[in-house]
Structure formats: structure tokens, C-alpha cells
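# sequence and predicted structure are below.
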Amino acid sequence: MTPKRSRYTRRRRNAPGSPPGQLTVDPAGEAPRLTVVHIGADGVETNPSADLASLRVPDTGLVWLNVDGLGDAATLSRIAQVFGLHPLAMEDAVNLHQRPKFEDYDQHDFIVLRMPERGGSFTTEQVSLCLGDRFVVTFQERAGDVFDPVRNRLKNPQSTIRSRGADYLAYALIDAVTDAYFPVLEAFGERLEVLEDEVVARSSPALIEDIHALRHQLRTIRGAVWPLRDMLAAVLRDDGARVSVATRVYLRDCQDHTFQLIDMIETYREIASGLVDIHLSSQANRTNEVMQVLTLIATIFIPLTFVVGVYGMNFDVMPELHWRWGYPAVMLGMAALAAGLTIWFRRKGWLGRRR
Amino acid sequence: MTPKRSRYTRRRRNAPGSPPGQLTVDPAGEAPRLTVVHIGADGVETNPSADLASLRVPDTGLVWLNVDGLGDAATLSRIAQVFGLHPLAMEDAVNLHQRPKFEDYDQHDFIVLRMPERGGSFTTEQVSLCLGDRFVVTFQERAGDVFDPVRNRLKNPQSTIRSRGADYLAYALIDAVTDAYFPVLEAFGERLEVLEDEVVARSSPALIEDIHALRHQLRTIRGAVWPLRDMLAAVLRDDGARVSVATRVYLRDCQDHTFQLIDMIETYREIASGLVDIHLSSQANRTNEVMQVLTLIATIFIPLTFVVGVYGMNFDVMPELHWRWGYPAVMLGMAALAAGLTIWFRRKGWLGRRR
Amino acid sequence: MTPKRSRYTRRRRNAPGSPPGQLTVDPAGEAPRLTVVHIGADGVETNPSADLASLRVPDTGLVWLNVDGLGDAATLSRIAQVFGLHPLAMEDAVNLHQRPKFEDYDQHDFIVLRMPERGGSFTTEQVSLCLGDRFVVTFQERAGDVFDPVRNRLKNPQSTIRSRGADYLAYALIDAVTDAYFPVLEAFGERLEVLEDEVVARSSPALIEDIHALRHQLRTIRGAVWPLRDMLAAVLRDDGARVSVATRVYLRDCQDHTFQLIDMIETYREIASGLVDIHLSSQANRTNEVMQVLTLIATIFIPLTFVVGVYGMNFDVMPELHWRWGYPAVMLGMAALAAGLTIWFRRKGWLGRRR
Amino acid sequence: MTPKRSRYTRRRRNAPGSPPGQLTVDPAGEAPRLTVVHIGADGVETNPSADLASLRVPDTGLVWLNVDGLGDAATLSRIAQVFGLHPLAMEDAVNLHQRPKFEDYDQHDFIVLRMPERGGSFTTEQVSLCLGDRFVVTFQERAGDVFDPVRNRLKNPQSTIRSRGADYLAYALIDAVTDAYFPVLEAFGERLEVLEDEVVARSSPALIEDIHALRHQLRTIRGAVWPLRDMLAAVLRDDGARVSVATRVYLRDCQDHTFQLIDMIETYREIASGLVDIHLSSQANRTNEVMQVLTLIATIFIPLTFVVGVYGMNFDVMPELHWRWGYPAVMLGMAALAAGLTIWFRRKGWLGRRR
Amino acid sequence: MTPKRSRYTRRRRNAPGSPPGQLTVDPAGEAPRLTVVHIGADGVETNPSADLASLRVPDTGLVWLNVDGLGDAATLSRIAQVFGLHPLAMEDAVNLHQRPKFEDYDQHDFIVLRMPERGGSFTTEQVSLCLGDRFVVTFQERAGDVFDPVRNRLKNPQSTIRSRGADYLAYALIDAVTDAYFPVLEAFGERLEVLEDEVVARSSPALIEDIHALRHQLRTIRGAVWPLRDMLAAVLRDDGARVSVATRVYLRDCQDHTFQLIDMIETYREIASGLVDIHLSSQANRTNEVMQVLTLIATIFIPLTFVVGVYGMNFDVMPELHWRWGYPAVMLGMAALAAGLTIWFRRKGWLGRRR
């Protein structure tokens, strides 16, 4: 664990008290790259680096605009204008520490997702999704996402995703984000297993920090998945007509996946808690073991040392010292004492209890 | 406890982002074996290895199709087509880590159950149940289930199960799965008792791992039974006409059993938690006990060794050394000191407190 | 604590998957003894060992049939037939590990109660109560119950219990069962006080097991009282006309008693948890104390033993050995060292801190 | 802590199974003293020792009857008769371990309050309040209460309490009881601070018992305040016309106070839990410290003692013994060893870590 | 941590039982300073030290009166009279330990906020806000607040805050208070990181007190933010027409911020709990380590000291003493023993396990 500063704090962009709906972009952010996918009766057209001027809401079919990079306020304002996006939605899209949520604005629905990113420790990227009648606009912090399977399905002429409306496309994207948590959690399951084996095998003081770090990451995932579930519930509860009954069935399926994710997370959290117990017990056990060795040695040799001390005294009159068999007798006596104590300890179960 | 890899991870079949309703079967799965039971006015006919072509929804009576083995997509697709099963239901049926749930599709109800399997550690097999007006279709991962009592009751001409509709048959199957948890939990109760006796009797470091493993299994059972209860609640809440009022009374009874199961599970979980406390206390106690023996021996002999050391010094002028009764006097003095310390310890309750 | 097998498991009578509504009686159960109380306008008639053939639902007044012993299926079937009791109610009545619950069958209400039994450890007996318009039928596992006060009130001509309907009689019985928990809990309060005094006074390793056993029993009581409260809530929520508005006032009062019981149980549970903390702290304290004695003795005598060892060396040239006052000087020096260390320890608060 | 018997048990007056609405008064209770306050258009008349015969519900204005002492059933029955109080309300009024609750009987509302009593440890006195259209009757176990401010306000001709109805008077009394918890909790806050300072300063084994006792008392307060909040919620939820809309605003304010009380209680409970952690850590730390001193002394002197033992051996051939500088050399060598070990310990941070 | 008295108690101004709606101001409080901002069609006029006499509710536009200092009852009464503020609202405004809450009085809405104050340890200042149709009145305990950004926005002629009604101004103020918690929590995140690094690096007994203090402060923040969320929920639930639909959208956004705050707080609380575990484990580990050194030294040297004691005995017949190579042989034998034990310890993993 190499702790880096700011592992628990996250900075909001907007200063407290600033007006709502402000587009305060991060100047160090990536420049927006626009990918437009037009899905019409006659096919799917993809423009991987669309021009800002060419953007419009289509009269037929639907359009999916994906924006990678949020570093330019003017571009984003123009997009908001074209699609009629609410200022608060735009503010949330550029403030990158939103929780997953659903908001039904008049012109469009607004959904915030957190997409897990690959890598050593668990992090998420914010994906904001605006769903209108004929468009889906997604905003991502940077290039690289989990939508490639959806893009591939769009290329397939038989895919349902082509024949259904914008709500189904939105579902497909939400589903892709939700399912992306499974491999992440599976990796956590594996880390837990490794940790558990280690806790059982040895009791390194670093283990408790590893467990602590793992628990923190599980907490972070939990903080992303629980509101995901609530967001889906809010979409399903919303009685607006923008999401069709047919798509709702699929969203319920997606919600089931969040239940599974939550089950896994809670299970992992409990296992990690249990590991702390095992670790503490294992530490206590090791102390016990060390104590037993010390006690064994000390308890056998301290009396013996006393005995030899006795015959090291310099009294004029100590008849034993002059006996012919005094020395061997004392040595034998001490051997018998040591043997007796050893047997007594074995009886008490202090020797060989380890195995 | 011999930990095997993947004890905390479970792999989903479908890749993240793949389209919903896909029948991605496990190629290593068993080949489907179809058992058709036709329950009509004139009797019950069982065909233990039915032909795919002969499948149909009957006009009178009802049919129960049980599918053991999910290794062939074509067979499953054909079954779905015959009974009009929803693609999402079929996807859930072949993805083997569903939580128990209830879904009311237009053509049929869909219920996922987790059936406990016999064996060393607790595992469950997924049973998916599609309930239509005139059919019940059950999908199981492999042969072997808990439905034999239901099959036997079907053979009995007087059995209610013959005279009621498909909903009652579905109830009987759900009830069989629910009740199958009781022997499993009873086995857990016995393991808990054994563990408790061991924790009280001795304090092996392996015990905490056994408790940890048991708690994990209880967590797994809990993860199966809680959604079972929710599933039954969803069925009872559902106002569709497919489950009759008469059958609902029986399902409520079945729900009561899940309450009993949950009571047992929660009780066992608390007992297992308490065992950790006993274990830790028992460890601390053993440390105490070892410490006391060490302290006793050390406290008695260290001063005595000092005394004999004194008379081992080589000063020219040490009058005691030349006294006639010096040696016996010192020996008696030391015996008195040891006796005094022993009595003092006994007073403090450090000796014989064990019993 | 003398653990007996099966302290955590309870065996259900019916095998998993067996048909519902089956009357599988325990052949070792007591033979049913029927006590019929007929409450009419002209008085109360009690028949302590009624004949099965004479049973009927009266046209005026009401009848209370109490059945002690459930060992004969034929008798029970006959009773069910006479009073029109539902098969599922009868099944629950003979399956002796039901949770308290309320079920509104068409012909009658069905209530399961758990009656605390006197004795060393807490156990409960199941009482099933069927409430019809003109009858109350109670089933008990064996003779002996808490209904004697109700029986005495029935003997009193002025008692309200005579002038009200069957619902009031049912209330009186439920109330008697509920109130029977108070003396049980008071006994637990006393045991807790005794345990607390012991935990404070001494730290026996057996205490943690006693606390563990007490917590388990509190858990068992809790498992009986919580559903009792839910059952009463279900009765009060039920809009059937069988329980009159006037009786509902009394049932709410009875429900208040369950709230009081739950308060007591939860308080006791928290106190018992706190005892574990005290116990662990007390163990740690005792270890500390033992350590301090050891450290004291060792720290004082180990340096002294070193000193006497120095003057036991056999170097040819050791001038101190030949000084006239060498021996007394060394002895005095050692006494001063011991005194200094003792004072230092006292300053650090290691001596006499106990009191 | 001087534990007195029955600190966790409370005896109910009525025997289990006795008929409801029974007025079983405690014969050792105080004789009822009746104080009647008549609030009319023309002023407030107070009769501090009213006659039972003069009691009546007024036609105009309102009357507040306060009953101190519940030792006489006849008096109480008469009062119940005059004001039309429900038997169950009267039973609850004399059974002194009710939880705060609200009951809407037809003729009057019935409210149970628990009034904190001043003194060493936290205890409460039960105050029962019956609110009719033109009367408020309060029953107290014994003389002495927190209502003096209300009595003083009644003496003030401009006080709102005179111009509003019985519901406002009831509110004023409830508010007085609620606010009486604030000084009690403030005293607990001070005790917590004292305890915290002690836990930090020293680790007496008695501290854990003090913390345990404090937690128990906080639990008791919690058991009184939580149902107080629920009671107020029940009053506000009740749609009876007896409490006017204007008074409800005040009751909501009173409910806010219970929220504040609950906040304080929960905070104190968490702080007290934290103290247990600090205490345990402090114990562990002290053990560590003692161990370090022991280890230091033992680790330095045990090797030295070995060395002097070597030169105390009596071999014929031990050349060092005959060297001229042998003795000083050994002494210097041992001093160097001791110094080296001390430096090593200091490096490891075992010395002087305390400060 | 320098504990100051009264860190857990807070004194209420009004005595228990005093009449509601009383304006008991703190005589030591600051004298009220009135700042009036008039927002009209023709611009914004700010009067930083307004005259009490000039106050009135405007006919057009809206007025924001901010009152800094609550030390004068007459001024406050006059303000209440001018704006028609409810006595209970005024009482809450001067009683400075309210929880955040919302109350819909007939003439105006009343909102209590807790504004975090900068400084070493977390404290909050109470801000009470009365929202009428044409006015917002805010009461603060003392000068200095987080409203400067709102004041700046008011100076900007294009600001939305000028064109919307009083409800939007109230939203802007609430939002400023809510957002002021983010930097406070970020500072806590940093303190947590520092503490975590320290816990990992060393195990000072003072750390547990620091963690305890931090947890207490997190509890305090939690006590402020949770009711803030509830307050916003109450505003949004309230169906009064005073808060427009357009403003509700913004309030929901503000509520989202409270969700984020709560997420952060709960995460920090869990991390702080985890630190206690690490601390305890780290203490246990240190004890282990100290024990191992002691055991190592003692186990090696105690047997050796016994050996040299043997050859220090003064028996007449001890042949080894007269062997030519006796002394070197014994020394070599002891060296071999010491080496053997050291190797055995290293095998057991007791040496060098630290790294």
C-alpha cells in the first residue's frame, strides 16, 4: 500500500455559493471529441469525429452523440443548446463526483452513471446520459469506455438495438455500465481469497492494512452501486412516457443485476470483516505460542539453576559436597525434575498443541 | 478447511454489454433431458425422456415439462418457442447465478428458485420455473432434484395436486424446494453445536477458521432464502389471475416456512458470532493461565536463586559461611520464603482458579 | 452448562415435499384430552373430559374446547370436521415449531401462540387457537397451561368474560399467554444481575459461556415475542368482522404489553453484550496484574542476581573480595537498589493500583 | 458502583391472566391528594386539597385535576366515574411501568408520560394524563413534579394558557415533562466528560464498570424518550377533533424537542461506546509498557548474568582468571554490552516512547 | 487534544416548562445589525445598517433582511411584527441549538440551517430563515457567514437571482450553506489520511484519542447534515405554493449535494472505525514483537546460565573440572547450543519476521 495524498478527499469544481447551472469546466480536461451515430430506417451511420456545426436532433430515427472529454465550455454549451439540455444537467455533467441519479427534466431525462475503470485500484469515471425522444447524449471525462459491445451490436443489421427507440439504446448503455462491475467484483473476490489464505498462513502486521485498503475499496464500489440501483428504481417508478413499457422489462432485468452486485459486495464486506477477526485471533494465538515456549524454558531451567546455585554456595559445612556420588546424584535429580515438568506440560497440552 | 480457488467468485456466462435475451449456454453443460408429465381428467401420463417434437401446450389438463441439463441452445430455443417463453426468462434460466425472483411476463410467470444440494458444504442449484395457464416448465442445471415427493403424489389418484391447476403444481414444486432447506439448516445446527463444544473444551487456532467458514456458508444460505421470501411476497402481491385465491393460501403457508428458515438462519448467525467472542476470551484466558504458571515459578525461584548466589560470593569475610548451622538455616529460610509466596499466590486466587 | 445434543436444531414432523394440510401426528404425543366449556345465557358448564361424539357448535352462547395432547390423528380430524377447521390450520397445530401468527381462514381465524413453560431454561409450548363465531378451540401439546386465571374468571358470574362473545374469550387467552412472559423475563433480569456481579467480582473462564447461554435464551424469547407482536398487529389490521371493535381496544392493550416485553428483551440483550466487554476487559486487567507482579520481582532480582554473580567469579585479582567491609557494602548496595526500584515502581503507579 | 438487587427487573402489579381494567393499587402507595384547578372566564381558582365529592366536569371553562398518590382504589374509581375514564386507562394509570403512549378512547384521550426524577441515578415517575373536552386529569405516583412553571403561568392573567382549551393545557404539561429531560441529559454529558478524562489519564479496572453503568442509564433514558416521540407522533396523526390545529403547531414544536433529545442520547451512546475502545486500547498499551520494562531489564541482565556465571566456574584450567586485568576487562566488556543493548532499544523506540 | 469542559453539553436558553414562543435572548449576545437588500424591477439596493423603523414588506419586488446578532429582544419582536413571523419561529431563532428543520406556518415558511464555521474543530452557527411571499428574513448568531457569493451574484444585473422570486433567493442561501460543508469535509478527509499514515507508522497511545475526537466531530457533522437532508425533503414534500416548481428543481439539486455529503460522512466514519482496528492490531503486534525479543534472549541464555551454574558447583568429585580441555569444551558446547536455538527460531519465523 503506497498511500498517495488525497485518497479520501475529492474536490468539487464549483465554489460554494456559486450560481447553479454554471459550466465551470476543468481547463486541464481533455478537449471534447464528438462521435455521432445516426440510426435511421436505412442504416446506421457513424461519424467518429463529428463537427459541432452539423449537430441536430433528427426528424426521423435517432442520434447518439458521445462526448469524450469535457475540457471546453463553449462546445458543451453549444451541445446543450442544440439538444435543449437543462443547465443543471450540464452542471452535473462537468462536476465529476456525482452519485448515480435520475432526473426527469421536461425536455429530456438525465441519468448519471459511474463506469468502473480497469486498473490496480478501483476507480470510476462519470458517464452522464441525456435521453430525449430522438437522441441520447453521453458525456465522458475521457476517451475509453465499456460501450464497444453496444457499438458492435449497432453494426449488426439484425440487432434489436436498431429497431427500437432511444430508450432502448439508453438501456443498452446503462446495462453495459452495470455489467462492467461484474469483472471488477470478481477480481475483488480473488483478492479476498488470496488475503484469506495469507491470514490463515501467517500473521504479518501489513495484512491488516491490506484488509483495511480492500474494505475501503469495497466501500467505494458500494457507494457507486447502491445509488445505481436507486437510479434504476427511480427510472422504473417515473411515469413519464419517455421510457416505453417494453424497455422497462429490460431495465428491470438490469436492476436485477444491480441486486446481484449488491449481494456480492455485501458478502465481500462481511468476509473482509471476518478476516479482521481471524487476523486478531491469529495474532493472539501467536503471542500465546511465544509465551508457551518462554514459559516452558523458563519453568524448566529456573528451578534447575536454583539447584546448581545451591551447590555453588561456599558454606564450610555442606556435607553433600563431599559425598562420592553427590555430583551425579544432583545431575540425575535435575534430569528427573526436567523430565517431570516436561511430562506435566505435555499433559496440560502446551506442547505440540500447534499441530 | 481446504480452500479451493474461486470460492468467492462466480462467473457469469454473458459478457458485459452483450444484448439481452441471449441464450449463451455452457457447452460443457449436460445435454437436456426432457421429462413430460401430462395431467388430464383421465389420469397422469409420464414420459421420462420425451421427444422435442412431441412438445405442445395441451388444450385440456396441464403439462409439466422438466428439463435436466442446459447444454444445448437449440433444444432450449425450441422449448421457448413451443411454450411462448420470454427471451429474458430464457437468458436467466441459463445464467446460473440468479437470485430467487418472480417476474410476471405477459404469457407466463417466471420464477427462479435455488434448490439446496446435498453434500459437504452448502451449494445450490438453480431451478427456473415458467408457469402458464396450462403448463409448468422447470429448468435444472443437472439431473437430481428434490421433486420426488411431488412425483409420488402425482401417482396417487386421490392427490389434490391432480385436481387443481398449474398454479397448484407450481406451488407444490416451490414448497418442495423451500422445505429442502430445513434438513440443510438442521445439519448446520448440529455443526454449530459441535463447534460450540469444541470452543468451550479447547482453543485451537484452527477453530476460528472453522467458524469463519461456517459463517460464510450461513451467509450463502441467507443470500438464497431472503430473496426466496421476497419472491413469494412478489407472487402474493401480484394481482395477475394466474395464481388462484385458493393456491395463494398455500403459498402464504410456504412463505411462513421461509420466515421460519430466516429465523433459524439469523439465530445461527448470532450464535456463530458469539462463538468468536468465546474463542477470543478463551484464548485470552489461556494466555492468562500460561502467564500465571510462568509468574509463579519465576516469582518463587528468582529470589531464591538470588539468595544462593549471595552465598556463592567469594568475599574473604562472610561470617555466615562459617556458622555450623548456616547451610541448613539458609535452606530452611528459603523453604519458608517459597511456602510464604505460594500461600500468598493461593490467597490472590492464582492457583487452582482453573477449576 | 451441560450441553445436550439438539439444542439448536428442531425437527419438523412433515417430510419436505409432502402434501400440505397433512395431519402427521407424533405417535409418542399425549392422547388428546378434551375439555369443553359451554358459556350460555344461563351459566357456564365445564366438562373436563368431554366425549368426542358430544362436540358441536352451539346455536346460542359459545363453546371453548381445549385439547391437551396431539397424539391421535383421528380425534383431531373429527374435531376439525365438527368446527370446520382448515386443513392448513390443523397441519400447523400439530407441527410444533410454528412462529406466532395470525391467519384469517374463511370459516374461522387461526392464531398460533407460544406459551412459556416454567423450568430451568426457557422453553415454549405451542398453543393454537381457532376462533369462530360461536367457538374457541385451543390445541396444546400437553396438559398444563397458563389459562387457570381465565378459568377462574369464567366461574365468576359477574365476569365480563361471560357476557362478551368468543372474540373476548380469545383475547383473554392471548392476554394470559402474553402476560406469562413477564415472570420469565423478570427471572432473566435476576440472572443478569447475578452474572454482572460475578463478572465484576472475578473473571472465571466459565462466565463467558454462561453469558453466551443467556444470550442464546434471550434470542429464543425474542424469537417468540417479536412475532407475537406482529401477530397482534395482523389481528388488529384484519378488517374481518369476527373481532369486535370493543375487543380490539383490549387487544391493543395486549399489544402494548408485547411492546413492554420487547423493550425488556432488547435492554437485557444490550446488557448481556456489555457484560462481554466487561469480561474481556477484566481478563485483560488480570493479565496486566499478573504481568506487573512478574515484572516487579524479575526487575528487582535479576540485577541483584547479576551483582552476586559478579562476586562469585573466581578471578585471581578481585580486590573488593578482600576488603574488610566488602560483603556488608555489597549487601547494603543491593538493598538500596531494591528500595530504589520499588520506589520507582510505586511512582509509576504499578504497585497498589489494584485498590 | 454498589449494585442493589432488582436493578434490571420491574414487577408488574397485576398477575398474568387477571381480567383487564382491574384497579389493583399498591397498598403501600401514597394516599391520593387531589388538587383541582378551575380555569374559567372570570379567573383561575386553585383548590390544593379538593374534596372527592366536589369533583365534576364543568359546563364552562375547564378543570385540571391533579392526583398525587395512587394508594386508594375507591378514590380512583370515583374519579374515573366522574370524568368517564376508561377502565383500561385507569389500569394503566396504576400500573407504574407503562411506556409513554397515546390512546384515543371515545370519551377522552389518554396519554402516558414518564417524568424524569432528580437524584443520583436516572429514574422516572409515571404521569398519566386524561384529556377530555373540558378537563385534564393527571395521575402521579407521588407528590413532587415538574409542573410548577405551568402552575405559575396559570397564575398570570395574561397567560395564553388561560384563554385556550384543555388541549393547550395538556400540551403545556407534556412540554414541561419533555423539557425536564434536558437538564438530565446535560448532567449525563458532564459525567461523560469526566469519564473520558479519566479513561485518558489512567486505566482503572473500575472504569469499565462505570462506563457500563452509564450506558445502562442512557439505555433507560432512551427507552423513555423514544416512545415519547412516538406518542407525540400518534397524537399528531390522530384525526380526532379533541386537539385543535392551533395546539398541534405547539405539539410539533414539542416533538422537535424530542428529536433533539434523541440526538443527544444517541450521541452520548456512541461516545460511551468509543470510551470502551479507548479503555481497551489503554489497557493493551499499559501491558505493552510493562512488558517493555521487563524485556529491557531481562534482556540486558540475563546475558550479563551468564557472563559472570562463566567466570564463576571451577575448571582447573581457565586462563582468563589468572590474567592481571581479567576482572576489569570483563566488567568493562559487560558495561559495553549493556550500553550497546540500551542504545539498540532506544533505536527501536522502546525507551521513552511513552512521552 | 486539550479537552475543555462542556464539550458534550449544550445549554438551552428557555427553562423547562416556560411558555412557548418566548423570546428569551442571551443578554451577552451581539446587538442585532440589520442589513436590508431590496430587489426590485429597477435594481438592487443594499442598506448595510438599516433602521428598524424603515422595515416593511414591499408591494413589489422582494426584500432580504439579514439580522446579525440576537442580543436584543425588542428589535427582534419588532421585526417579527413587521413581517408577521410566528412566535414559535422566533423562539427557535433565538434558541441556538436547533436541528435543521422546516415548518410551514400560515404566513411564512420557517427553515433552520446550521452553517459550518471555519476554525480548528468543527462548530456550526445557527441560521434561521423565514420565507414569505415578498421577503426572506435570516437570523444569525453573529456577523460573518457564507453568503458573500450570493451577495456578489445579487450585484450582477444578469443574475437569475434578481429575476426570480423570494423562493429562489431562499434556495440560493440554503445552497450556500449546504455547499459550505464540502471544504469542511475535505479537511476531515485530509486529517483522516494523516491519521491513517500515523497509525500505520507507529502506535502511540495518543492516537486512539485523536481517532476518538475525530469520530466525535464526524458525528457532530452528521448530526447537522442528516436533518438538513430531511429538511429539504420536507420542503419538497410540502404542497404549499410558496416554493415554485421551477425552484423545486434547484432544491432537488441541493438535496443531491446533501446525499453526497452524507456519503462522504458515512465513508469517513467507516474509515475511522477501521483505524481503531488497525491501531489495536498494531498494538497487539508490538506486544508480540517485544515478547519475541524477550523470549529469544531468555530462551537462549537461561539454559546457558544453567550450564555455567553446574560447573560453578563445589562438589569434591567433579571430574570434568579437572579435564584439560573442559573449559573450552563447555564454552564450545554452549556456543553450539546458542547457535542451534537461533537457527530453530529463525525456522519458526520469529526472527526477521518484521520486515
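In hand now; what should we look at?

# helices along the stretch 151-300 of chain A, start to end?
A:160-163, A:166-179, A:181-201, A:205-237, A:245-310 (DSSP state H, counting those that start in this stretch).

# any chance of JSON lines for those, columns distance to B:Val308 and mean neighbour count?
C-beta coordinates here come from the backbone N, C-alpha and C atoms, glycine included. As requested, the helices of the stretch 151-300 of chain A are arranged in JSON lines below (distance: least, C-beta to C-beta, whole Å; neighbours: other C-beta atoms under 10 Å in any protein chain shown):
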{"stretch": "helix A:160-163", "distance to B:Val308": "94", "mean neighbour count": "16"}
{"stretch": "helix A:166-179", "distance to B:Val308": "79", "mean neighbour count": "24"}
{"stretch": "helix A:181-201", "distance to B:Val308": "46", "mean neighbour count": "18"}
{"stretch": "helix A:205-237", "distance to B:Val308": "42", "mean neighbour count": "20"}
{"stretch": "helix A:245-310", "distance to B:Val308": "4", "mean neighbour count": "21"}
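
# select, out of the ones you listed, the one closest to D:Met313.
helix A:245-310 (10.8 Å; C-beta to C-beta).

# quick one: the helix or strand just after the closest one near chain C?
Going down the chain from helix A:245-310, the next helix or strand is helix A:326-348, by DSSP states H and E. No. Helix A:326-348 does not reach chain C (C-beta under 8 Å from any C-beta of the partner chain); its nearest approach is 14.6 Å.

# and the helix or strand hosting A:Thr124, what does it pack onto?
Using DSSP H and E, A:Thr124 sits in strand A:123-131. Secondary-structure packing of strand A:123-131 (3 or more C-beta pairs under 8 Å, 6 or more residues apart in numbering or on different chains; DSSP states H and E): helix A:87-94, strand A:109-117, strand A:135-140, helix A:166-179.

# which of the residues in that strand are buried?
Buried residues in strand A:123-131, counted by 16 or more other C-beta atoms under 10 Å in any protein chain shown: A:124-131.

# what domains does the record give for chain A?
If you go by automatic domain parsing, the domain ranges for chain A are A:33-281, A:288-348.

# dump those to CSV, plus mean pLDDT.
What follows is the domains of chain A, written out as CSV (pLDDT from 0 to 100):
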stretch, mean pLDDT
domain A:33-281, 87
domain A:288-348, 84
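
# format those as CSV; extra columns: distance to D:Thr342.
What follows is those, written out as CSV (distance: least, C-beta to C-beta, whole Å):
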stretch, distance to D:Thr342
domain A:33-281, 25
domain A:288-348, 22
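
# closest one to B:Val235 among those domains?
domain A:33-281 (15.7 Å).

# can you give me the end-to-end span of the closest one?
This stretch, domain A:33-281, spans 55 Å end to end (C-alpha to C-alpha, to the nearest Å).

# over to stretch A:134-154?
16 Å.

# the closest residue to chain D within the stretch 201-350 of chain A: neighbour count?
Chain D sits closest to A:Gly312 of the stretch 201-350 of chain A, with a gap of 6.9 Å, by C-beta to the nearest C-beta. By the measure other C-beta atoms under 10 Å in any protein chain shown, the count of residues near A:Gly312 is 27.

# what do you get for A:Arg202?
12.

# with A:Leu96 instead?
Residues near A:Leu96, counting by other C-beta under 10 Å: 20.

# can I assume it sits in a helix?
No. A:Leu96 is assigned coil when assessed by DSSP: H, G, I helix; E, B strand; the rest coil, not a helix.

# could you measure from the nearest residue to it once chain neighbours are set aside over to A:Val177?
Spatial nearest neighbour of A:Leu96, excluding adjacent residues (C-beta to C-beta, 6 or more residues apart in numbering or on different chains): A:Gln126 at 5.0 Å. Distance, A:Gln126 to A:Val177, using C-beta to C-beta, to the nearest Å: 11 Å.

# residues shared between the contacts of those two?
A:113-115 (C-beta atoms under 8 Å, 6 or more residues apart in numbering or on different chains).

# mind giving me the PyMOL select for those residues, buried ones only?
The command below creates a PyMOL selection of those among these that count as buried (16+ other C-beta under 10 Å):
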select buried, chain A and resi 113+114+115
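
# need the shared contacts of A:Gln126 and A:Val177 in a markdown table (columns: distance to E:Leu173).
Shown next, in a markdown table, are the shared contacts of A:Gln126 and A:Val177 (distance: C-beta to C-beta, whole Å):
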| residue | distance to E:Leu173 |
| --- | --- |
| A:Leu113 | 32 |
| A:Arg114 | 31 |
| A:Met115 | 35 |
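
# pick the one among the shared contacts of A:Gln126 and A:Val177 closest to C:Gln292.
A:Arg114 (54.6 Å).

# excluding its backbone neighbours, what's nearest the closest one?
A:Thr124 (3.9 Å).

# so what's that neighbour bridging to?
Beta-bridge partners recorded for A:Thr124 (DSSP bridges): A:Pro116.

# equivalent analysis for A:Val137, please.
A:Leu65, A:Cys130.

# A:Tyr181 contacts A:Arg229, correct?
No. Judged on C-beta atoms under 8 Å, A:Tyr181 makes no contact with A:Arg229 at a distance of 11.3 Å.

# measure A:Asp145 to A:Glu117 for me?
For A:Asp145 relative to A:Glu117 (C-beta to C-beta), the value is 9 Å.

# overlap of the contact sets of the two?
Common neighbours of A:Asp145 and A:Glu117 (C-beta under 8 Å, 6+ apart) are A:Glu125.

# among those two, which residue is more densely surrounded?
A:Asp145 (21 against 17).

# give me the three-state assignment for the more buried one.
coil.

# for it, which non-adjacent residue is spatially closest?
A:Asp145 sits nearest to A:Met115 (C-beta to C-beta, 6+ apart), 6.3 Å away.

# isn't that neighbour up against A:Leu129?
No. If you go by C-beta under 8 Å, A:Met115 and A:Leu129 don't touch, sitting 10.7 Å apart.

# returning to what we had before: looking at the shared contacts of A:Gln126 and A:Val177, which is nearest E:Met318?
A:Arg114 (82.4 Å).

# separation between that closest one and chain B?
15 Å (C-beta to the nearest C-beta, to the nearest Å).

# that residue contacts A:Thr123, correct?
No. A:Arg114 is beyond contact range of A:Thr123, at 9.5 Å (criterion: C-beta under 8 Å).

# so A:Val67 touches A:Ile79, yeah?
Yes. With contact taken as C-beta under 8 Å, A:Val67 and A:Ile79 are classed as touching, separated by 6.8 Å.

# find residues that contact each of the two.
A:34, A:137.

# next, A:Leu62: phi, psi?
phi -150, psi 160 (degrees, to the nearest 10).

# ditto for A:Pro19
phi -60, psi 150.

# residues near the nearest residue to it once chain neighbours are set aside, how many?
Excluding the flanking residues, the one nearest A:Pro19 by C-beta to C-beta, 6+ apart is E:Arg153, at 5.5 Å. As a burial measure, E:Arg153 scores 18 neighbours (other C-beta under 10 Å).

# hmm, E:Arg153 is touching E:Ser163, no?
No. At 11.7 Å, E:Arg153 does not count as touching E:Ser163 under the criterion of C-beta under 8 Å.
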